[in-house]
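**Student:** Any chance you could fold what I've pasted below:
(chains A and B)
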Amino acid sequence: MKRSKLICIVFTTLIVANAAYGQGRDDGSLYSRYGVGELTSFASSQAQALGGASTALFSYNYLNFSNPATWSRQTLVRVAVGVQFDQLRAQDAVGRSEEFTRGNFNALQIGLPLLSGKLGLGLSYEPFSRIHYDVSTSGTLSTPLESDLSYQINHQGSGGLQQARIGFGLRLNSWASIGASSDFLFGIIEEGRRSTFSDATILPTNQVSSTRLFGVTPSFGVALSFDGQEYELVVAASGAFATTLDGTQTVTVGESLDLDTLGTSIEGDLKIPARFRGGLSLGYQNRWLLSTEIRHESWSSASTSLPFATFQSENLQNRTRYSLGVEFIPAGASVQAGYLSRTAYRLGFYRDQLYISPVAGRNVTVTAVTGGFGLPTLFLGTRLDISFEIGTRGTTNYNLIRDRFIGVSATLNIGERWFVKRRLG
Amino acid sequence: MRSFLFLFLLPVLLILASCTDSISNVGLDLLGDEANPQVETIHSTSFSTSDLVDITGASPRILVGSVNDPLTGQISTNGFLDFAGTFAGTPSESITSAQLKLSRNYNYGDTTKTVEFSLHQILQEWNHIDLRSDTDLTIGPQILTVTTLDTLTTIDLPASWISENENDLRSAEFNSKFHGFALIQINSGQVIGFNAALSEFELTSASGVTEYSVISTYTQIKRMSPSTPPDGLLLFQDGAGPAIELNFDLNKYKNSPINNITLSFSADQLASQDTPENFLRPFPQILQLVAVPADATMPASLVGQAAMDKDGEYHFSDIEATIFFQRVLFGSQQYDRLELRSPVENNSLNAVLFHGMDARDLSPRATIILSP
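**Tutor:** Numbering: from 1, shown residues only, chains lettered A, B, ... in the order given. As a prediction, the model looks like this:
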């Protein structure tokens, strides 16, 4: 594939994917209102189909952004970009239900082998969290002048944090790799409230709180691999240090429904806790791959000096996520076998106790089954991955919401050998 | 490669086509009270009389007379009028008569009592804009005295005064040479008001009648004895004062968007209307709420105005008042205190007794609808 074609594909896909991301705002679960939003992570399309169990995954065909140590073994220049389609059905304790659909940009990932198989560079841009809700309430009020004043209030949230990463993975010897990266977190969290009334003498208001956050956090990773004749066992761990994001919150209130009429701006910070994950993977004959992972994030220690109504300590708790996945490629490493034999078949599972607790003391847990296919292409090192995810989030007890969701994603993983010195024999 | 790209871009296009922007009400119970607007009532942190000297210049009504009100005390008022126009005759034409016609449109006090005042010529040039009720104007000697109880009072000026002022009265420069009349009260049982728009100064000469219309007005008001409001009630009186100043502690709502604020003041209608026989003490029909800045050189801001309802309450709930307080809460507007005032439009001595801060539910209060 010509290099210019590759670049063209990447940019076109990025633009389309960003458009999809933009379209997906303002619709989704009310859970995304809490904390910094619904946390997302996209290590690789392979890992996504394996329940997210990614920390200990080395792969020829995929970049793994859950652990920078795995970038050390790169041999191809690699670009991955993905989008996701989600359908969600939310139901609350009183039986109200609603369906939402949205499209999102998953990630853009780039990997460069600086020293083939020894030192690799990783670059990525992906969402860190997403906020997308739009709920409406209506009712009547009693005031001194009016006993039956009708109102409608829309609560809207959008935005979230983005993450840009750059780092290196280094293979120390045949069995140990380490890696580190700098993760730039930035984004805007917007919360809006639009109030309208049946009486024209009651001022409709449109309040928008827009919080701009920025910070850098270092990440690290280590992976130890033990090769046998037919198997490879990898034990790995990675994590990100706690960081403080600098923030500016601007509240604008419109007299009538216009914005920017009145506003205040305050400076503050938001502390993101340390996040750790550990994993184990076992490969057999390049056909079977078993991957497990556990994550822990100490969100109970998160705090902010900014006036976030939904970032209170009673609404935050530590996050724990367990995942497990299996991949099967009938042909193993063979490139001569039939197409279906070279396809990767994946199945996974995860259980995620979320970091938010909208009702103080009550956990919100996600349980999901994942799966997918890694479709080979005519180009060695390039695959198109289709993944799916079916699960539930939360419960209808304690005034909480139960989301049933199904997600389908498509990720293009392009791998090419660049910087090859031509030799005359 | 083309089919490969198509395979990838197809789901992207599907995603674009499938995005929706729906509004839901699922999970509203999670939001709790946050989901709904809140109605909160706070009571004033201060509510007292103020020594505001009312602006009585440029009002379409002038007052004259005096009253000894068992509630509001003894009050004396003097009216001032200036005229403008062009003499209809020739500059040398003799004026055969001069009449001042005053049309009454207001009574305060014992309506069976006559009003007696003396008529004087004003000797100084004066500007009635923003003239306050304690201002003194230089006047000449008494021209005559007038006793009236009629709706239309016609005053014939004596021939001696006409001949003495004839040159000025028929001058082309009448507007600058003649400064009007002062109606100085002598002995009255009530205060009456004259409608400036229906009052005029008429000169008769061989050529016909010249009508000079009122161009400037002013009422001087003096309180001769203090008011004696009952305990727990606060007197508000137009013209003579007192006005009322007050404040609310709104710090709790700083930077909060509000949808409405209604400031309510309850009058004791029975006590306000407890009068001797034939005694008229009207209520102020309209009151203004004004925000006064700490810097006395800065103008006050009109927050809103309210009419008394059938229950004797004034509710300031205009959308302009809400916008004003919204700006205060967001720091783009400041004030030192609020004042209740009467509009300058029509001079009166109208009075009302307000329930004070100890009146619980009837005390001055602000009801706020806010979206927290």
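**Student:** Any buried residues in the helix or strand containing residue A:390, and which?
**Tutor:** Residue A:390 is part of strand A:383-393, with elements assigned from DSSP states H and E. Judged by neighbour count using 16 or more other C-beta atoms under 10 Å in any protein chain shown, the buried positions of strand A:383-393 are A:383, A:384, A:385, A:386, A:387, A:388, A:389, A:391, A:393. Where you see a C-beta, it was placed from the backbone N, CA and C, and this is true even at glycine.
**Student:** restrict those residues to those near chain B?
**Tutor:** Residues of the buried residues of strand A:383-393 in contact with chain B (C-beta under 8 Å from any C-beta of the partner chain): A:384, A:386.
**Student:** could the buried residues of strand A:383-393 be laid out in CSV, adding distance to residue A:105 and pLDDT?
**Tutor:** Putting the buried residues of strand A:383-393 into CSV (distance: C-beta to C-beta, whole Å; pLDDT from 0 to 100) gives the following:
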residue, distance to residue A:105, pLDDT
A:383, 19, 92
A:384, 17, 94
A:385, 15, 96
A:386, 17, 96
A:387, 15, 96
A:388, 18, 96
A:389, 16, 96
A:391, 21, 97
A:393, 21, 95
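**Student:** For the buried residues of strand A:383-393, which two are the farthest from each other?
**Tutor:** Greatest spatial distance among the buried residues of strand A:383-393 (C-beta to C-beta): A:383 and A:393, at 29.3 Å.
**Student:** any idea how far residue B:253 is from chain A?
**Tutor:** 12 Å (C-beta to the nearest C-beta, to the nearest Å).
**Student:** Packing partners of the helix or strand where residue A:406 lies?
**Tutor:** Residue A:406 belongs to strand A:401-416 when assigned by DSSP H and E. Judged by 3 or more C-beta pairs under 8 Å, 6 or more residues apart in numbering or on different chains; DSSP states H and E, strand A:401-416 is in contact with helix A:3-23, helix A:45-49, strand A:77-92, strand A:383-393, helix B:2-18.
**Student:** Give the buried residues for that strand.
**Tutor:** Of all the residues in strand A:401-416, those buried under the rule 16+ other C-beta under 10 Å are A:401-405, A:407-416.
**Student:** Skipping adjacent residues, who's closest to residue A:357 in space?
**Tutor:** Spatial nearest neighbour of residue A:357, chain neighbours left out: residue A:317 (4.9 Å); criterion: C-beta to C-beta, 6 or more residues apart in numbering or on different chains.
**Student:** what ranges of the stretch 201-350 of chain A fall below the confidence cut-off?
**Tutor:** For the stretch 201-350 of chain A, the stretches with pLDDT under 70 are A:255-261.
**Student:** same check, this time on the stretch 1-150 of chain A
**Tutor:** Within the stretch 1-150 of chain A, the ranges that satisfy pLDDT under 70 run A:1-27.
**Student:** now swap in chain B and tell me
**Tutor:** Judged by pLDDT under 70, the stretches of chain B that qualify are B:1-23.
**Student:** does residue B:271 belong to a helix or a strand, and which?
**Tutor:** Assignment of secondary structure by DSSP H and E places residue B:271 within helix B:269-272.
**Student:** Give me the neighbour count for the closest residue to chain A within the stretch 51-200 of chain B.
**Tutor:** Nearest residue of the stretch 51-200 of chain B to chain A, counting by C-beta to the nearest C-beta: residue B:52, 27.2 Å away. Applying other C-beta atoms under 10 Å in any protein chain shown, we find 19 residues neighbouring residue B:52.
**Student:** Single out the residue in chain A that lies closest to chain B.
**Tutor:** Nearest residue of chain A to chain B (C-beta to the nearest C-beta) works out as residue A:103 at 3.1 Å.
**Student:** Count the residues that sit near that residue.
**Tutor:** Close neighbours of residue A:103, defined as other C-beta under 10 Å, add up to 24.
**Student:** Next: residue B:33.
**Tutor:** Counted with other C-beta under 10 Å, residues neighbouring residue B:33 total 8.
**Student:** That one - that's part of a strand, no?
**Tutor:** No. The assignment for residue B:33, made by DSSP: H, G, I helix; E, B strand; the rest coil, is helix rather than a strand.
**Student:** ok, it to residue B:150 distance?
**Tutor:** Remark: distance between residue B:33 and residue B:150 (C-beta to C-beta, to the nearest Å) = 64 Å.
**Student:** again with residue A:31
**Tutor:** Between residue A:31 and residue B:150 the computed distance is 80 Å (C-beta to C-beta).
**Student:** Looking at the two, which is more packed in?
**Tutor:** Set side by side, residue A:31 and residue B:150 give different neighbour counts by other C-beta under 10 Å, the larger being at residue A:31 (24 against 13).
**Student:** mind listing what residue A:382 touches?
**Tutor:** The contact partners of residue A:382, taken as C-beta atoms under 8 Å, 6 or more residues apart in numbering or on different chains, are A:1, A:412, A:413, A:414, A:415, A:416.
**Student:** so the third one makes contact with residue A:78?
**Tutor:** What that stands for is residue A:413. Yes. Residue A:413 lies in contact with residue A:78 (C-beta atoms under 8 Å); the separation is 6.8 Å.
**Student:** Spell out which residues are contacts of both of these two.
**Tutor:** Common contacts of residue A:413 and residue A:78 (C-beta under 8 Å, 6+ apart): A:62, A:63.
**Student:** I'm done for today, thanks for sticking with me.
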